[in-house]
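1. got a predicted model here, sequence first, then my questions.
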Number of protein chains: 2
Amino acid sequence: MTSSRTTDQRRQDALYRLGHDVDAWVATTDTDTGAPRLTPLSFLWHDDALLFATPAAGPTGRNLASNPSVQVGVGLTRDVVLVQATVDVLPAVSDELGDAFALKTGFDPRTLSTAYLYFRLTPRTIQVWREEEELADRWVMRDGEWR
Amino acid sequence: MTSSRTTDQRRQDALYRLGHDVDAWVATTDTDTGAPRLTPLSFLWHDDALLFATPAAGPTGRNLASNPSVQVGVGLTRDVVLVQATVDVLPAVSDELGDAFALKTGFDPRTLSTAYLYFRLTPRTIQVWREEEELADRWVMRDGEWR
């Protein structure tokens, strides 16, 4: 059983993670399509900011240069599974599936007063890599087909 | 020293992660502003798809219901630091800063033939949490000010 950290402790923890973690998830919006793009990038915490470098001509570079705001998530091991998926909204699920979801995730939206929706994300592409040397051959699924 | 995994091994590893990991980073695009949104959500891998649940009236729920495509990153510990930041493009950096970046991240864009840009992301809000009980008090920075 964990207990909630104070704001002061969380600030210290955040600064530690920003100072010591190597990778972050960077979410941008594609300037041409409006589609979300998620990229794990290495960063340096310097002068109270995160410093990234990415190819100028690549999509994430172009997005970063034109997005006024981005979101960055820290909490990554160097062991990436990146999924691009299509979305189906499920207004309800079977009892069996709802039970499986609650057992796995530890929360059961069916019991909450807030209205939840379930979303089914079907992978179209899956990329898997750890370090630089694995980048070249990272697609294990394309167009919904496992390779 | 690690060696590159085969596609077969990566597929097995991806399926293991999808089957056993609890949380994923979900990147969506805000339907009203076009801004990227990054949210860590618990999921269930079921029938070859990821199943998420999130409040119908929340921004991620609205986005998922209207985005034709989303991206999902797996590789999260339940120890989140989520940063919303403004972006500055840095066409170049000082030698000292370039060295620090290379030392920290293990790659040095200055030495590569591909044209890289550096990007400086200055946090405006930072949220920090581990489990459910920490969600209520998760902001350690708002409007660029540490709380």
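-> Nice, I can see it.

2. lowest-pLDDT helix or strand in chain A?
-> Least confident helix or strand of chain A, by mean pLDDT, DSSP states H and E, is strand A:69-90 with a mean of 83.

3. what comes up buried for that strand?
-> The neighbour-count check on strand A:69-90 (16 or more other Cβ atoms under 10 Å in any protein chain shown) flags A:69-76, A:78, A:80-85, A:87 as buried. The way it works is simple: take the backbone N, C-alpha and C, and place the C-beta from them, glycine included.

4. was I right to think A:M141 contacts A:T122?
-> No - using Cβ atoms under 8 Å as the test, A:M141 is too far from A:T122 to be in contact (10.8 Å).

5. re earlier: what's the angle between the least confident helix or strand of chain A and strand B:69-90?
-> 180 degrees (axes from the mean of the first three to the mean of the last three Cα atoms, to 10 degrees).

6. strand A:69-90 pairs with which strands?
-> In the sheet, strand A:69-90 lines up against strand A:23-29 (antiparallel), strand A:116-129 (antiparallel), strand B:69-90 (antiparallel) (DSSP bridges).

7. only C-alpha atoms, please: export the last one in PDB.
-> Going back to what we said before, that points to strand B:69-90. Only the C-alpha atoms of strand B:69-90 are listed here, as PDB (Å, rounded to 0.1, in the frame of the first residue of the first chain):
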ATOM      1  CA  SER B  69      -6.400   7.200 -35.800                       C
ATOM      2  CA  VAL B  70      -4.500   7.300 -32.500                       C
ATOM      3  CA  GLN B  71      -1.000   6.300 -31.300                       C
ATOM      4  CA  VAL B  72      -0.300   4.300 -28.300                       C
ATOM      5  CA  GLY B  73       3.000   3.800 -26.600                       C
ATOM      6  CA  VAL B  74       3.600   0.900 -24.200                       C
ATOM      7  CA  GLY B  75       6.600   1.100 -21.800                       C
ATOM      8  CA  LEU B  76       5.300   2.800 -18.700                       C
ATOM      9  CA  THR B  77       6.000   2.300 -15.100                       C
ATOM     10  CA  ARG B  78       3.200   3.400 -12.900                       C
ATOM     11  CA  ASP B  79       5.100   6.500 -12.100                       C
ATOM     12  CA  VAL B  80       4.100   9.300 -14.300                       C
ATOM     13  CA  VAL B  81       5.600  12.700 -15.000                       C
ATOM     14  CA  LEU B  82       3.500  14.500 -17.600                       C
ATOM     15  CA  VAL B  83       4.800  17.800 -19.000                       C
ATOM     16  CA  GLN B  84       2.900  20.300 -21.100                       C
ATOM     17  CA  ALA B  85       5.400  22.600 -22.700                       C
ATOM     18  CA  THR B  86       6.000  25.400 -25.200                       C
ATOM     19  CA  VAL B  87       8.500  24.800 -28.000                       C
ATOM     20  CA  ASP B  88      11.500  26.800 -29.200                       C
ATOM     21  CA  VAL B  89      13.400  25.600 -32.200                       C
ATOM     22  CA  LEU B  90      17.200  25.900 -31.800                       C
END
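
8. any idea how far it is from the middle of the chain?
-> Averaging C-alpha positions (Cα atoms, centre = their mean, to the nearest Å) puts strand B:69-90 2 Å from its chain's average.

9. if the residue most central in space within chain A is in a bridge, with which residues?
-> Residue closest to the mean C-alpha point of chain A, counted by Cα atoms, centre = their mean, is A:W25 at 5.7 Å. Per DSSP bridges, the residues bridged to A:W25 are A:P40, A:G73.

10. how much space between it and A:T125?
-> Separation of A:W25 from A:T125 (Cβ to Cβ, to the nearest Å) stands at 17 Å.

11. quick check: the farthest pair among the buried residues of strand A:69-90?
-> Using Cβ to Cβ, the buried residues of strand A:69-90 span at most 27.9 Å, a distance reached by A:R78 and A:V87.

12. where is the longest helix in chain A?
-> helix A:7-20 (DSSP state H).

13. pull out the buried positions in that helix.
-> For helix A:7-20, the neighbour count (16+ other Cβ under 10 Å) marks A:7, A:10-11, A:13-15, A:17-18 as buried.

14. so A:P109 sits right up against B:A53, yeah?
-> Yes - the criterion here is Cβ under 8 Å, and A:P109 meets it with B:A53 at 4.3 Å.

15. the two: which is more packed in?
-> Higher neighbour count among A:P109 and B:A53: B:A53, with 25 against 20, using other Cβ atoms under 10 Å in any protein chain shown.
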